[in-house]
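*Asks:* give me the fold of what follows.
(4 chains, ligands or ions: 4)
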Amino acid sequence: ARDTLTLGVVLEPPHLDPTAGAAAAIDEVVYANVFEGLTRIGPSGEVLPALAASWDISEDGKVYTFHLRANVKFHDGTGFDADDVKFSLDRARADDSVNAQKGLFAQIDTVEVVDPATVKVTLKQPQGSFLYNMGWGDAVIVAPESAETNKDKPVGTGPFRFDNWAKGSSITIVRNDDYWGDKVALAKAEFRIIPDAAAAIPALLSGDVQCFPFMPVGDALAQIEADPRFTVVIGATEGETILSTNNKKPPFDNLKVRQAIAHALNREEIIAGNGSGLGTPIGTHFSPGNEAYVDLTGTYPYDPEKAKALLAAAGFPNGFKATLKLPPPAYARDGGQVVASQLRAVGIELELIPVEWADWLEQVFKNKDYDLTIVSHTEPNDIGIYARKDYYFNYDNPDFDKVMADLDATSDQAKRNELYGQAQRIIAEDAVNGYMFQLAKVGVWDAKLEGMWHNAPVQANDLTKVRWTE
Amino acid sequence: MALLAIRDLGLTIGRQPILKDVSLAIEPGEVLGLVGESGSGKSLTALSVMRLLPHGSVTSGSIDFAGTEILAASEARMCALRGDDIGMVFQEPMTALNPVKTIGEQIAEGIRLHTGASRAEAAARAAQMMERVGLPVADFPLSRFPHQLSGGQRQRVVIAIACALNPRLLIADEPTTALDVTIQAQILDLLRDLVRERSMALLLITHDLGVVAGMADRIAVMRSGEILDHGPAVPLLRQRRHPYTRRLAEASAHVPTRRGAPILDRAARAEARRPLLEVRELVVQYPAARRGLFRRPPPFRAVRGVSFDIYSGQTMALVGESGCGKSTLARTILGLQRPASGTLVFDGLDIASGDGQAIAAARRELQIVFQDPYGSFNPRHRVERLVAEPLFLRPELGRAEKQERVARALEAVGLSAGDAAKYPHEFSGGQRQRLAIARALVNRPKLIIADEPVSALDVSIRAQILDLLSDLRDRFGIAYLFISHDLSVVRALCDEVLVMRQGEFVERGPVDEVFDRPSHPYTRELTAAAPDLERALAQA
Amino acid sequence: MSDLAFAAPPTGAATFLRRALRNRSFVTGLAITALVALVALVSFFWTPYDITHLPVAERMKPPSASNLFGTDHFGRDIFSMIMIGSRNSIAVALIAVGIGMGIGVPLGCAAAARGGWLDEAVMRFNDIVFAFPALLSAIMITAIFGPGAVNAIIAIGIFNIPVFARVARAGALALWPREFIMAARVAGKGAARITVEHILPNIVSLLLVQGTIQFALGILAEAGLSYVGLGAQPPMPSWGRMLFDAQTRMMVAPHLALFPGFAIVITVLGLNLLGDGLRDLLDPRLNRER
Amino acid sequence: MTRYALNRLLVGLATLLVASVIVFSVMEILPGDPARLMLGINATEDAVVALRQQMGLDQPVVLRYLHWIGGMVVGDLGRSYTYSVPVLELVAERAAVSLPLAILSLLLLTVVAIPVGIFAAARRGSAADAATMAVSQIGVAIPNFWFALLLVYLFAVWLRLVPAGGFPGWSAGPWPGLKALLLPAVALALPQAAILSRVTRSAMIDVLGEDYIRTARAKGLPRAQVLWRHALRNALIPVLTILGLQFAYLIAGTIIIENVFYLPGLGRLIFQAITQRDLIVVESVVMLLVASVIIVNLIVDLSYAIVDPRLRAA
Ligand SMILES: Nc1ncnc2c1ncn2[C@@H]1O[C@H](COP(=O)(O)OP(=O)(O)OP(=O)(O)O)[C@@H](O)[C@H]1O
Ligand SMILES: Nc1ncnc2c1ncn2[C@@H]1O[C@H](COP(=O)(O)OP(=O)(O)OP(=O)(O)O)[C@@H](O)[C@H]1O
Ligand SMILES: [Mg+2]
Ligand SMILES: [Mg+2]
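*Replies:* Ligands and ions are numbered 1, 2, ... in the order given. Predicted coordinates for the structure are as follows:
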């Protein structure tokens, strides 16, 4: 049977060490395939055991004891044991760490090796999301021998080993025959880097690439769906696509102005014009796929007249001018045009400023030099950013901060969901940002392929269950 | 039986008739001179024989070459004839050779094509031919490229190409017009020898009666595409039965009348008159072309320390070969070029010093007339503006006064004031040269430098312009520095002559004295080589 | 091109017109160019639809009676977009040509008039600019200032400078030794005045021909830059930008890519024909050949 | 000849040096901090500062320029900020796509354009001439990326004759690689070929009007031989000049075309590097492209001397 697969990925990873970079593109190649953590996130966002076969949590929720799997080997042949876990966690939270998600480890107080198969992690205070956090790509376990060279030659414990990286073109991984778990069906997988939709479609149609887990398919979707050769799966991502607003900058510091913007946005049209025509409307910063999600799209329904009235009440009967900075993805560049035309209809003239990611990071994210911008927040479960004081929204609400603090101290799932609900409502009512839609994940692959993830609880292409059916 | 017989040849290009009923015949070993003014159809007659006419040509009549009807022959037949039985030499030696091929290749090419000789054989024959035209391969290896030869040498190579296969007919279209007199004489000698030793027929095309008189057995005179006069050379030129032939011959020997006596240096100095222009030890140099990024060879000295005077009303001639520095000297006097050393005093003003005011003042009195009546006017301006250009230095003049002066200048040269509104292209060559003179006159200059003012003109027009120059001198007392390589013109117009060679004067003095009793060998060579109708006829 | 190209005599307007009307490429080129210019002009006052309004529901309709060229992915009328896009294409190319001429021609004329080090400097400057293809400079410029039509203009304009400097210099160099220039110098006129009075009028036809060529190249370059996202930015419509938007949708809605592509081809074709025609009309040497 | 060559070489080097200063200074004023970009939006300030130091971004400008240029001379282009591999490696890998592409299209271009131009010149005024010139007139007007799009949909998607894009790598053998480059090369070459064929035609026509052509005809050479033996070499000079300029267009064109066909070449690399603020890669690629343009023009200058003996003496 066929046992090789060529996948298309949009972005080329800057390097292949998930513990030293934020880029989702890294995880898309190596997560679950090459590297494993103590836990892993499953296809529906659930926490599953990985290198830790099981764990115990102390009564106060502060001490986690992980029981590690035996007979695990890194790809370079060195063995895996508790020392590697301690090394990896300590390295990630060290002062000079270059881990992009140091926050994941912030609550860890100590990591102790109990015996080669047992690790005890003590937290400063209980953290409900700790096990989930350990499933992130940034928390994978690396070996001290290879930690420094993982950027180029990633060495993990996963079912695939890294084979080759033709820079700018493709990355190849091959089956790891010494894997501790079930052998994977694919002998070889090649991640072909195809940034443009324009190139992706012909590549798929001509059969060069058999699988696009996240396909920038745009308007060709209808045609591909109609083609029996392909399976098209439209799933959800963790990407809340929002009209980010600078909450301290006049006139956006005025709640009425923000509410007016919220009323002026027609989510259906924005989704239709966002480059793919796909997406789930959202009314707050939370993934509709999450069980704690509350549908708040009705908080400020589309109502241009009301928007105008609110603007007048805020002292802008004739509207005002502002800028809208648009990073490169189509949802921003295309969606931004629709947003601008909708805001123009209520009197707000937006100047569109396209920016590269680097400038977006510098100007918008770091220097908070912007009025409005459109961006998709793809980190899972990231409502906590609204509590960060230096975050680029410039949002500050003690009520919200309190909810977050409570959340951190709660591990009971029902209570947590309740708190999440409160948080969602606060930001929705404050109209902190314009909440537009949850980015859809369009996965397209050969109809004979099975085992691909349908949703994207984390940005990853877990190939462990993928096989050809013929 | 004639070798070549052209009968009633007619030619139209596009819809324009060019040739009408041209009939000519040449016997083997005979030289037929075809003369006529520019545009009379001489070249196109020759090209008809070669069947190398421009696109869109339509011929009628017949051209019979040794039994072949050329106008009806196949292209393959023509290719076999060309170069093998009929050779042709063109006017411009500078462009007649392919610049990217060696001369050896270019001579051997025709030999190989027509005889099927091997490369080595062809090269050997090419070497022989080079020898024959006076370019021994020892000094001029076959591997040279055209740019490594002088104009005269190139013309020899062209002749070698044309004669390489002993053609029965050689057509030479103005083969010497572009060359200096001395070289011209050598080329004509070469052609004459080739005709004699190979009993080749030669169709020699020229506009110079002096040249045909010395070369041709028979002459055909052409005008506007028609043969007007035709017959044995010497009687035709001596008796001048046809009025047009007479006009041509008389114009070529025309001497303008002059009212006063010639102004000679000796006499002027005796009268202690102050010269209008005093040139002393003048040196002019050009920076040599840079070789490499940093090295520059020493500059090239175009004028090497010359001294002379010109007096008011005097006509001073400056003769010499191409490239000897005549134009450079003229430009320097005009202040267009800074001399490297020496003094230049014009009308009491020192213009060599680079003093802007002195130069500006001198320029009012100093004008120039160029050789090319087509190139000396900006085609986009009207005559009024062009002729008024020198008045730029007289800002004090009002608009009306400027117009008045232009009108008077135009009238002085025989044009009408109404011509001021026209563009230069609306004038003929001779009229344009009058315009150039009008422009020189408009400022009432004391000295006009005339750089080959008549060498581009047909003989009859040349005579008119010489008359005009002479007349203006007598009327306004203008002095001329008259640059020419045509000795007959110099003799006709000038008082004194300076003979220049490689930047230096080798001889000077009153015109008749210098030309009749040249003392320097170079002057002797020059005068001997100059074709002269009267002398040729006298010798015949 | 030899110096013969200058000698175009200012024959009477009537004869010129008669000759011009007989020149097929000139007439076709002029007609197309005039049409494009007209479309651009009209677009200031009228387009079939308002393109600032995005009727997303109407997106990607094929050509029909109501939308002659169909609608784009925001439901905008493509015909209106092409009309307004012509404005952008023309403006970018024209200003870029203006920059090229405005700086290049004086440079070239000065180099020819002064010679020596200035000439050398201008030539070396040309070499350097030529070493940076317009797209490379555009990439560098947009890297600094961000993408946008203005930066496209600058990038294309910079590339035009040496082109015009070369043409002007070559033309002027061929003129300087001519006798009518000498006559002007004898009349005491300075280099600047001679350049203005005698050189410029005689190289105008060369510049005009080069200008139309560069204009056409500018339109192509603008399209290319916009196509890779370095040129005109939304919401400003530009033909290259429309192609950029169309490329992912070509299979579903080929009309999105076809019409802007045709607009570019036809405009460039028109300008090239016009340039060829002008060259024929202004170069007497070619006239003689025909 | 050697002096001429040396002279051109020196001028070329000087141009290159000035170009390097321009490139470096432009990259200096680029906004954006590569260190932050590498670490992503959630990285702490300390980590960014540490990384800046590690990458040597805190040294003075002049020092960095000298270091950069010095490294370039010995083939050390530094390390990519984002890929943290030697830039040389990165660039070499990409050049293995771009260079063959440029050369392939240059070949295609000359092989198509020059014979067509000669043919049209030889048949001047005929219907065949008029037809080829009309086609070329349209060819000149077609943007190569649009042409590329049409080609992809015609040959790759509908007819499935060639891959739609992408590059299998040379390791798979020369044929799949060439096949992948074929369409891009055609898309790049044809519009340029239209220009070159027109230039060739008019250069040939100019040369055919020269006196020495008449001399050759007078020798009895048939028209075809005159065309090949005498006219072609003389017409080659303007053709070479344009070809040299076209190489610059081809280089620029590869940047666009690589984006249409998603070829992992230098063009893609430069876009990627710019968006990632990988300055050192941008600098190196721009320098490489500029250098290749300068080198090609140097080759053109030198080939003038081969074609035209008059330059050999100079
Ligand atoms: N290719 C051509 N097309 C149209 N007319 C031409 C062409 N060549 C020459 N003529 C015209 O034919 C006439 C005769 O030209 P031809 O060259 O034979 O004159 P010529 O006697 O050789 O003059 P010159 O002494 O100046 O060489 C002229 O009026 C000229 O304008
Ligand atoms: N601009 C220049 N740069 C370098 N050398 C020059 C320049 N102009 C002329 N020369 C050289 O100076 C010498 C004299 O040239 P000039 O033009 O004065 O000769 P001429 O006697 O007028 O010749 P002709 O009869 O051909 O007009 C020639 O050898 C020429 O090559
Ligand atoms: Mg003639
Ligand atoms: Mg001279």
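
*Asks:* neighbours of the residue of the stretch 51-200 of chain D found nearest chain C, how many?
*Replies:* The stretch 51-200 of chain D approaches chain C most closely through D:A141 (3.7 Å), counting by C-beta to the nearest C-beta. No exception for glycine: its C-beta is placed from N, CA and C like everyone else's. Applying other C-beta atoms under 10 Å in any protein chain shown, we find 22 other residues in the vicinity of D:A141.

*Asks:* tell me the pLDDT at the residue nearest to B:L165 when sequence neighbours are not counted?
*Replies:* Nearest residue to B:L165 in three dimensions, chain neighbours excluded: B:D84, at 5.0 Å (C-beta to C-beta, 6 or more residues apart in numbering or on different chains). For B:D84, the pLDDT comes out at 91.

*Asks:* okay, now B:D84: neighbour count?
*Replies:* Per other C-beta under 10 Å, the neighbour tally for B:D84 reads 20.

*Asks:* ok, now the one 10 residues further on?
*Replies:* Neighbours of B:M94 under the rule other C-beta under 10 Å: 15.

*Asks:* my read: it touches B:G151, true?
*Replies:* Yes. The pair B:M94 / B:G151 is scored as a contact, 6.1 Å apart, by C-beta atoms under 8 Å.

*Asks:* where do the contact lists of those two overlap?
*Replies:* Taking C-beta atoms under 8 Å, 6 or more residues apart in numbering or on different chains as the contact rule, B:M94 and B:G151 both touch B:A178.

*Asks:* tell me who's in contact with the residue of the stretch 51-200 of chain D closest to chain C.
*Replies:* Residues in contact with D:A141 (C-beta under 8 Å, 6+ apart) are C:A216, C:L220, C:I264, C:V265, C:I266, C:T267, C:V268, C:L269, C:N272.

*Asks:* sort out which of those are buried, if you could.
*Replies:* Buried subset of these (neighbour count, 16 or more other C-beta atoms under 10 Å in any protein chain shown): C:A216, C:L220, C:I264, C:V265, C:T267, C:V268, C:L269, C:N272.

*Asks:* buried ones in stretch B:181-193, by neighbour count?
*Replies:* Neighbour counts over stretch B:181-193 (16+ other C-beta under 10 Å) mark B:V181, B:I183, B:Q184, B:A185, B:Q186, B:I187, B:L188, B:L190, B:L191 as buried.

*Asks:* stretch C:112-120 now?
*Replies:* By neighbour count on 16+ other C-beta under 10 Å, the buried set for stretch C:112-120 is C:A112, C:A113, C:D119.

*Asks:* what does the stretch 201-350 of chain A put close to chain C?
*Replies:* Proximity of the stretch 201-350 of chain A to chain C, by C-beta under 8 Å from any C-beta of the partner chain, involves residues A:201, A:205, A:216, A:218-220, A:222-223, A:269, A:272-273, A:275, A:333-334, A:336-338, A:340-341, A:344.

*Asks:* only whichever of those are buried, select them in PyMOL.
*Replies:* The PyMOL selection below is limited to those of those classed as buried (16+ other C-beta under 10 Å):
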select buried, chain A and resi 201+205+216+218+219+220+269+272+273+275+333+334+336+337+338+340+341+344
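
*Asks:* okay, now the residue nearest to B:L4 when sequence neighbours are not counted: neighbour count?
*Replies:* Once flanking residues are discounted, B:L4 sits nearest to B:I26: 4.7 Å by C-beta to C-beta, 6+ apart. B:I26 is flanked by 24 other residues according to other C-beta under 10 Å.

*Asks:* cool, and B:R491?
*Replies:* Per other C-beta under 10 Å, the neighbour tally for B:R491 reads 19.

*Asks:* same question for C:A37.
*Replies:* Counted by other C-beta under 10 Å, the residues lying close to C:A37 total 14.

*Asks:* please consider this matter closed, and thank you.
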